[in-house]
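Asker: Just to be clear, the model below is a prediction. Sequence and coordinates:
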Amino acid sequence: MIKDIKGLHHITSMASDARQINRFFTDTLGLRRVKKTVNFDDPSVYHLYYGDENGTPGTVMTYFPFPNMMLGRPGVGEVGETQFSVPKGALSFWADRFAAQGVGGVETHTVFGVNRLRFIGPDGDGFALIETADDGRAAWAGEGVSDDVAIRGFSGARFNLHDTAATEELLLFMGYERAEVEGDVTRLVIHGGNGADTIDLVSLPKTPFARQGAGSVHHIAFAVENREKQLEVRRALMETGYQVTPVIDRDYFWAIYFRTPGGILFEIATNAPGFNRDEDTAHLGEALKLPGRYENFRDRIEANLVPLAA
Ligand code: ZN
């Protein structure tokens, strides 16, 4: 069994409009843009990162905004909901803020005895704020969001699956433990994680498979401390029969990827080196950062991207 996973590292989704998703994460959710770079496999598209002050693993939501991309169709075989942790009592603030800003799909309910506020992003992205009593992570003091209500990072994610058995088996192998079951939701928790510690598996045997597009989660990344642990995890997964990519340099972390039996793309990412590798913490996310191999094409790449608000 794997013992080195520390919870989530980041979640990466797709969007149809860079300015719109940037506004949503900074002005509406009050997170910090911690990196403005390009998709390393397609430099005509941004790769935007949002999180706490430093982009601490477990707080980082990232986007590939493909201009005018078709909306995804939600279904099974994907991450159906990205869950953010907020302090207890914060949901009424967020409900008012979302109403004032025209955020859609807002709905309060309780799962596993905890209050949640569901809402959707600009492309129909499935999100929820989860009240968490003892989340000690520091929040970024975003636009008009005070510390007593601000997002602390991810609490976890919900996977919508045709059948949960094989994905549950994989997560147990990755160090998660089954915590609770309520209706068709099975909650798995990892102990000793970074705060982004829960995965809810939802069994939806009659729902069609998702079609990926804007508003869909592209992949979900789990955190390991360093490259040595990552290689151990890679070896363990391959010995169990998973097809895992070689280690890929993503400048701010090292990544490996594999497709899970339920259809979701998993990544294992290292906590190091982090987002202050190529710019000061005080100015994270302001300048367009490019991987070395694209530096010679900076003018052309920059001319092709829509400017974002600071
Ligand atoms: Zn990733």
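Answerer: Received the coordinates, thanks.

Asker: Give me the number of neighbouring residues for the closest residue to the ion within the stretch 51-200 of the chain.
Answerer: Here the stretch 51-200 of the chain gets closest to the ion at one residue, Thr62, 6.6 Å apart by CB to the ion. Where you see a C-beta, it was placed from the backbone N, CA and C, and this is true even at glycine. Look at Thr62: counted by other CB atoms under 10 Å, it has 22 neighbours.

Asker: What values do phi and psi take at Thr164?
Answerer: phi -90, psi -10 (degrees, to the nearest 10).

Asker: The closest residue to it other than its chain neighbours is in what secondary structure piece?
Answerer: Nearest non-adjacent residue to Thr164, counting by CB to CB, 6 or more residues apart in numbering: Leu201, 4.2 Å away. Per DSSP states H and E, Leu201 falls inside strand 198-203.

Asker: Contacts for whichever helix or strand comes after that strand, please.
Answerer: The helix or strand immediately downstream of strand 198-203 is strand 217-224, counting by DSSP H and E. Residues from elsewhere that reach strand 217-224 (CB atoms under 8 Å, 6 or more residues apart in numbering): 4-14, 57-58, 64, 78-79, 82, 125, 157, 174, 193-194, 196, 212, 230, 233, 255, 257, 264-271.

Asker: what lines up beside strand 217-224 in the sheet?
Answerer: strand 8-15 (antiparallel), strand 265-273 (parallel) (DSSP bridges).

Asker: from those, which stretch is densest packed?
Answerer: When you average the neighbours per residue for each of the strands paired with strand 217-224 (mean count of other CB atoms under 10 Å), strand 8-15 leads with a mean of 25.

Asker: Give the next helix or strand downstream of it.
Answerer: helix 18-23.

Asker: Show me what the mean pLDDT comes to for that next one.
Answerer: Helix 18-23 shows a mean pLDDT of 98.

Asker: just the helices in this structure please.
Answerer: Under the criterion DSSP state H, the chain contains helices at 18-23, 91-101, 165-173, 227-239, 298-303.

Asker: looking at those, which is buried most?
Answerer: Neighbour counts (mean count of other CB under 10 Å) averaged over each of the helices of the chain peak at helix 18-23, with a mean of 19.

Asker: Determine the set of other helices and strands touching that one.
Answerer: Contacts defined by 3 or more CB pairs under 8 Å, 6 or more residues apart in numbering; DSSP states H and E place helix 18-23 against strand 42-51, strand 60-65.

Asker: Apply 6 Å and report the result again.
Answerer: Here helix 18-23 touches strand 60-65, going by 3 or more CB pairs under 6 Å, 6 or more residues apart in numbering; DSSP states H and E.

Asker: Keeping just the C-alphas, turn the strand it packs on into PDB.
Answerer: What follows is strand 60-65, C-alpha atoms only, in PDB (Å, rounded to 0.1, in the frame of the first residue of the first chain):
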ATOM      1  CA  VAL A  60      -4.700  25.200  -6.000                       C
ATOM      2  CA  MET A  61      -7.400  25.300  -8.700                       C
ATOM      3  CA  THR A  62      -6.000  25.600 -12.200                       C
ATOM      4  CA  TYR A  63      -7.600  26.300 -15.600                       C
ATOM      5  CA  PHE A  64      -6.900  25.800 -19.200                       C
ATOM      6  CA  PRO A  65      -9.200  28.500 -20.800                       C
END
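
Asker: just the angle between that strand and strand 42-51, please?
Answerer: Taking axes from the mean of the first three to the mean of the last three CA atoms, to 10 degrees, one finds that strand 60-65 is oriented at 150 degrees with respect to strand 42-51.

Asker: count of neighbours near the residue lying closest to Thr245 once chain neighbours are set aside?
Answerer: The shortest distance from Thr245 to any non-neighbouring residue, by CB to CB, 6+ apart, is to Tyr257 (4.7 Å). Per other CB under 10 Å, the neighbour tally for Tyr257 reads 16.

Asker: Repeat that for Asp200.
Answerer: Look at Asp200: counted by other CB under 10 Å, it has 24 neighbours.

Asker: pretty sure it is touching Asn160, no?
Answerer: No. Between Asp200 and Asn160 there is no contact under CB atoms under 6 Å: 9.6 Å.

Asker: Enumerate the residues of the stretch 201-310 of the chain near the ion.
Answerer: By CB under 5 Å from the ion, the residues of the stretch 201-310 of the chain that approach the ion are Ala221, Glu267.

Asker: can we see that at 8 Å?
Answerer: Proximity of the stretch 201-310 of the chain to the ion, by CB under 8 Å from the ion, involves residues His218, His219, Ala221, Arg250, Ala255, Tyr257, Glu267, Ala269.

Asker: circling back: got the CA positions of the strand holding Leu201 in PDB?
Answerer: These are the backbone C-alpha positions of strand 198-203, laid out as PDB (Å, rounded to 0.1, in the frame of the first residue of the first chain):
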ATOM      1  CA  THR A 198     -11.700  13.800   1.500                       C
ATOM      2  CA  ILE A 199     -13.000  12.100  -1.700                       C
ATOM      3  CA  ASP A 200     -16.700  11.400  -2.000                       C
ATOM      4  CA  LEU A 201     -17.600   8.600  -4.400                       C
ATOM      5  CA  VAL A 202     -21.000   8.800  -5.900                       C
ATOM      6  CA  SER A 203     -22.500   5.800  -7.700                       C
END
